[in-house]
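sequence and predicted model, in that order:
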Amino acid sequence: MDTNEGDGRATNPLYASPHKLKLGTFATNVSGAGAISTAEGLFETTWPNVRELARMADEGGLEAIVPVARWRGFGGASDFNASCYETFTWAAGVGAQTRRPSVFSTCHVPTIHPIVAAKQATTIDHITDGRFTLNVVCGWYQHEMEMFGAPVKEHEVRYDYAEEWIEVVKLLWAGEDDFGYDGRFFTIKSGFSHPKPIQRPFPPIMQAGGSPRGVDFAAKHADVAFVHVDRDLDAGAEQVRKLRALAREKYGRELQVWNISTGVIDETDEAAQAYFRYYVEEKGDQVAAHNLTGQLGLNSQTFPPEVFASITSDFIAGWGGYQVIGSPDTVADRMSVLPELGIDGTLLVFARFRDDLRRFIDHVIPRLEAKGLREPVDVPVAGALVGP
């Protein structure tokens with residue numbers, strides 16, 4: 001059975017971490033991070049901001065730092081995510097600023113040749129002493145893909161393309177000899193890439209696919225798969241169960257399952273809820289949110305008005321993530337449910353990113369430790385730390 005780990009990935013905290021609930025940050029390479037809002041004080045895309053949050057996550061013992069692959073915004077008053085850092089160069093920079101977490105790059109496979117991506121990933125794996133993880137995205141935002149002269153492919157074709165793309169990348173990462181590849185989308189003559197990644201046979205791959213084809217793709221190729229957890233916890237648990245069973249029974253594989261958690265942390269539940277209402281209901285950018293959800297096939301024609309309003313609100317709050325809003329006690333209680341659903345780790349996204357990440361590290365993590373979900377131990381340090 002392919003266990004997807006072992007000594008070849010002992011440098012990566014996704015595998016080395018002893019914690020029952022692993023943690024990471026999400027979207028600290030794009031303007032607004034996850035909040036589709038015109039509220040003041042949202043994350044701004046500057047390198048000092050990126051560096052500060054990366055080092056904070058590092059010092060807090062978080063296991064992952066994951067970016068969003070983005071090339072343009074979603075319009076509206078906020079033009080959500082319009083200011084964005086490219087994720088391979090961003091990951092190389094973040095890797096040099098940190099010592100502990102796994103640093104991810106998120107790649108739209110239609111935008112980069114697998115030979116280039118494999119070499120970039122290997123370079124980052126060396127910069128980080130074996131802490132790199134690759135998040136594979138098929139490409140769904142039509143206006144972005146058209147920038148590259150590559151209109152969005154039909155759903156099934158996107159995954160067919162990504163399947164070949166990953167096969168070529170893995171051959172470059174793991175094979176010692178030159179190879180040929182003659183596929184539907186790629187023809188490789190004398191494929192070659194050295195050095196190899198530090199992590200063997202190759203760095204972990206993350207993938208988030210919600211359709212039946214996407215779930216099958218994740219079960220076959222991903223070491224870390226994403227599921228969507230919202231108010232219906234039973235449905236979330238069923239997603240996890242089915243995904244693990246598919247990976248195990250069809251492909252003989254074990255994988256980790258993660259989700260996104262949208263947070264607001266304050267001294268009281270009332271204060272946290274008040275800020276949530278402010279940035280979501282008062283300052284939420286409905287135009288940008290509808291542009292985003294429309295690209296995902298979620299619109300007012302396919303849902304009753306009250307359901308679509310709820311979906312829009314959840315995306316404004318932070319990518320439709322599982323909401324952890326309240327005092328440190330409430331947030332810890334909400335997060336303690338996730339391992340019961342079968343979740344291995346969660347990526348945190350905050351509107352007030354700096355302040356709430358600080359509150360999370362200082363006040364929520366000790367409560368998670370008290371619940372037995374985090375161990376009060378130092379995370380093994382790997383990699384260099386450079387810059388002021």
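Alright, I've got the coordinates. Not measured: the values here are computed from a predicted model.

what helix or strand does the closest residue to residue 281 other than its chain neighbours sit in?
Leaving aside its sequence neighbours, residue 281 sits nearest to residue 313 (C-beta to C-beta, 6 or more residues apart in numbering; 7.5 Å). C-beta coordinates here come from the backbone N, C-alpha and C atoms, glycine included. Using DSSP states H and E, residue 313 maps to helix 305-318.

report pLDDT for the residue nearest to residue 281.
In this model, residue 313 is scored at 93, pLDDT.

ok, now residue 317?
For residue 317, pLDDT reads 95.

likewise the one 5 residues further on?
Residue 322 is assigned a predicted lDDT (pLDDT) of 96.

quick one: contacts for it?
Contacts here follow C-beta atoms under 8 Å, 6 or more residues apart in numbering; on that basis residue 322 touches 229-230, 236, 259-262, 334, 338, 346.

from those, which land in helices?
236, 334, 338 (DSSP state H).

and the helix or strand of the chain with the lowest mean pLDDT, what's buried?
None of the helices or strands of the chain scores lower by mean pLDDT, DSSP states H and E than helix 142-147, at a mean of 83. Neighbour counts over helix 142-147 (16 or more other C-beta atoms under 10 Å) mark 144-145 as buried.

same for whichever helix or strand comes after it, what does it pack against?
Under the assignment DSSP H and E, the closest C-terminal helix or strand after helix 142-147 is helix 155-174. Other helices and strands packing on helix 155-174, by 3 or more C-beta pairs under 8 Å, 6 or more residues apart in numbering; DSSP states H and E, are helix 114-127, strand 132-137, strand 179-182, strand 187-191, helix 212-221.

out of those, nearest to residue 79?
Residue 79 lies closest to strand 132-137 among those, at 20.6 Å (C-beta to C-beta).

who touches residue 175 in this structure?
Counting by C-beta under 8 Å, 6+ apart, residue 175 touches residue 191.

one step back: which residues touch the least confident helix or strand of the chain?
70-72, 108, 110-111, 139, 151-152, 295.

kindly recompute the last result at 7 Å.
Here helix 142-147 makes contact (C-beta atoms under 7 Å, 6 or more residues apart in numbering) with 71-72, 110, 139, 151-152, 295.

what's near enough to touch residue 283?
Counting by C-beta under 7 Å, 6+ apart, residue 283 has contacts 37-39.

ok, now residue 88?
Residues near residue 88 by C-beta under 7 Å, 6+ apart: 105, 120, 124.

quick check: of these, which lies closest to residue 167?
Nearest to residue 167 out of the contacts of residue 88 is residue 120 (C-beta to C-beta; 17.6 Å).

burial measure for that closest one, as a count.
Other residues near residue 120 come to 20 when the count uses other C-beta atoms under 10 Å.

residue contacts, it?
Contacts of residue 120 by C-beta under 7 Å, 6+ apart are residue 88.

do residue 33 as well
The contact partners of residue 33, taken as C-beta under 7 Å, 6+ apart, are 27, 42-43, 349, 353.

related to what we said a few turns ago, and the contacts of residue 322, which two are the farthest apart?
Farthest pair in the contacts of residue 322 (C-beta to C-beta) is 236 and 262. Separation: 14.3 Å.

neighbour count winner among these two?
For residue 236 versus residue 262, the count of surrounding residues by other C-beta under 10 Å is larger for residue 262: 27 against 22.

picking up where we left off before, of the contacts of residue 322, which belong to strands?
Assigned to strands by DSSP state E, the following of the contacts of residue 322 qualify: 259-262, 346.

switch the residues you listed over to TSV; also include distance to residue 216 and pLDDT.
Formatted as TSV, the ones in strands among the contacts of residue 322 follow (distance: C-beta to C-beta, whole Å; pLDDT from 0 to 100):
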residue	distance to residue 216	pLDDT
259	19	97
260	21	97
261	26	98
262	27	97
346	24	98
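
of all these, which comes closest to residue 22?
Looking across these and measuring by C-beta to C-beta, the closest to residue 22 is residue 346, at 7.6 Å.

which strand residues bridge the closest one?
For residue 346, the beta-bridge partners under DSSP bridges are residue 23, residue 259.
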